[in-house]
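Q: Got a predicted structure here, sequence first:
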Amino acid sequence: MPWKDWSAERLGVVLAVLAALGFSFKAILVKLAYATAPVDAVTLLSLRMVFALPAFLWVGFVASRAAPALTRADWAMIVLLGLLGYYGASILDFLGLQYISAGLERLILFTYPTLTLLIGVLFLGKRLSRREVAALLLSYAGIGLAFAHDLRLAGELNSVLIGAAFVFGSSLCYACYLAGSGPAITRLGAARFTALAMLVSTLATQIHFLARQPLSALLQPLPIYGYGVAMAIFSTVLPVFLQSAAIRRIGSGKSALIGTLGPMLTIFFGWWLLGEPMSMAQLGGAALVLTGVWLVGRK
C-alpha cells in the first residue's frame, strides 16, 4: 500500500478511536454532574445543547449558503428526525443514567445497530440472515449479563428496570433516527442535515425545559457549567465531526466497528473515575454485545 494511502487510513483509525472516546465519555460526565449537585436531567441536557449550539449554527450557515432551498417535505423530515435522534434519545438517556451505572447504560445504548435491523425487518420488508439472528441473540444475552450485575449491586429491581427502560427507549429512538436519516443525508448532505437536526433538537429541549422548570433552574454551581461545556465540546461537537472525517477516510463499516470500543471505554472510565465495580459478568456481557455488533457491521 502506498505511504500516502496508508497514512490516510491510519489517520482515519485515529479519528474513529477519538470519536468513540468522546461519545463514551458522555455517560461519565453526566454521572459526575449528578454526583456534584442535585441537577435534573432536563436542565443538564438544556445546558449541553445550548453550549453546543454555536458550533452547529455556524456549520448550518456555512453548509446552507450555496445549497438549494428546503421544501416542506425536507423540513418535516428534519423536524421528525431531529426530535428522535438528538432530543428524544438524549433526554431518555439522561433520565436513565439517574438509575443505572454508566457501563450498563452504554451496553444498552449500543443495541441500536440490532434495533435498526429489526426496524428494517418489521417496517421496511427486509429479512434477517442467520448471522444477524446470531448477532441479536449475542447482544441481548450480553445485556442480560450486565443487567444482572447492576441488579445485584443496586438491590432494587424497580430502579434498574426504570433506568434500563429509559436507556432502551433512547436506543430505539436513535435506531429510528438512523433508519430514516439515510435519505435525508443523501438529499441534504451530512453537515447540513446534522446541523439543522441539532437546531430542531435544541429548540425542543429548551421548550421542554421551560415547560418543566423555572429559569432560575439554570443557576447551577460552577462545576455543572463545566460539565455542560465538556459534554457539548468533547462528547457532542468534536465526536460528530471526528466520526464524519473518519468515515471519509476509512468508510462507515470500519468506523462502526471501531466505535464498538465505546462500551468497553465507558466501563473502564466508570471503574476509574466513578468507582463503579468491574466484574467478570459485566466484561462478559460487554464482549457478547460487541461480538453481536461486530457481526452486524461485518461485510
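A: Nice, thanks for sending it over.

Q: Where does pLDDT dip in the stretch 101-250 of the chain?
A: Along the stretch 101-250 of the chain, segments meeting pLDDT under 70 span 124, 151, 153-155.

Q: got the residue ranges for the helices in it?
A: 102-109, 112-123, 130-154, 157-188, 190-212, 222-232, 238-259 (DSSP state H, counting those that start in this stretch).

Q: quick check: angle from the first one to helix 130-154?
A: Yep, that's helix 102-109 we're talking about. Inter-element angle recorded for helix 102-109 and helix 130-154: 150 degrees (by axes from the mean of the first three to the mean of the last three C-alpha atoms, to 10 degrees).

Q: Leaving out chain neighbours, which residue sits closest to I108?
A: Closest residue to I108 apart from its sequence neighbours, by C-beta to C-beta, 6 or more residues apart in numbering: V167 at 4.4 Å. C-beta here means a position set from N, CA and C on the backbone, and glycine is covered the same way.

Q: Okay, S201 and R106: tell me how far apart.
A: Distance, S201 to R106, by C-beta to C-beta, to the nearest Å: 21 Å.

Q: Over to P263?
A: Counting by C-beta to C-beta - P263 and R106 are separated by 4 Å.

Q: joint contacts of the two?
A: Residues touching both P263 and R106 by C-beta atoms under 8 Å, 6 or more residues apart in numbering: S24.

Q: So the two - more neighbours on which side?
A: A count of neighbours by other C-beta atoms under 10 Å puts P263 above the other of P263 and R106, at 30 against 27.

Q: what angle separates whatever helix or strand the more buried one lives in from helix 130-154?
A: Secondary structure assignment for P263, by DSSP states H and E: helix 261-273. Angle, helix 261-273 to helix 130-154, by the same axes, to 10 degrees: 10 degrees.

Q: tell me what the helix or strand just after helix 261-273 is packed against?
A: The first helix or strand that comes after helix 261-273 along the chain, using DSSP H and E, is helix 280-297. Applying 3 or more C-beta pairs under 8 Å, 6 or more residues apart in numbering; DSSP states H and E, one finds that helix 280-297 contacts helix 102-109, helix 112-123, helix 130-154, helix 238-259, helix 261-273.

Q: quick check: mean pLDDT across the last one?
A: For helix 261-273, mean pLDDT is 81.

Q: Sort out which residues of that helix are buried, please.
A: L261, G262, P263, M264, L265, T266, I267, F268, F269, G270, W271 (16 or more other C-beta atoms under 10 Å).

Q: Report the angle between it and helix 280-297.
A: On the basis of the same axes, to 10 degrees, helix 261-273 is oriented at 160 degrees to helix 280-297.

Q: and what of the first one?
A: With the same axes, to 10 degrees applied, the angle from helix 102-109 to helix 280-297 works out at 30 degrees.

Q: Show me what helix 102-109 is packed against.
A: Applying 3+ C-beta pairs under 8 Å, 6+ apart, one finds that helix 102-109 makes contact with helix 3-36, helix 89-96, helix 130-154, helix 157-188, helix 261-273, helix 280-297.

Q: let's see 6 Å
A: helix 3-36, helix 130-154, helix 157-188, helix 261-273 (3 or more C-beta pairs under 6 Å, 6 or more residues apart in numbering; DSSP states H and E).

Q: report the angle between the axes of that helix and helix 3-36?
A: Computed by the same axes, to 10 degrees, the angle separating helix 102-109 from helix 3-36 equals 120 degrees.

Q: which outside residues touch helix 102-109?
A: Helix 102-109 has contacts (C-beta atoms under 6 Å, 6 or more residues apart in numbering) with 27-28, 31, 96-97, 143, 146, 150, 164, 167-168, 171, 263, 266-267, 270, 282, 289.
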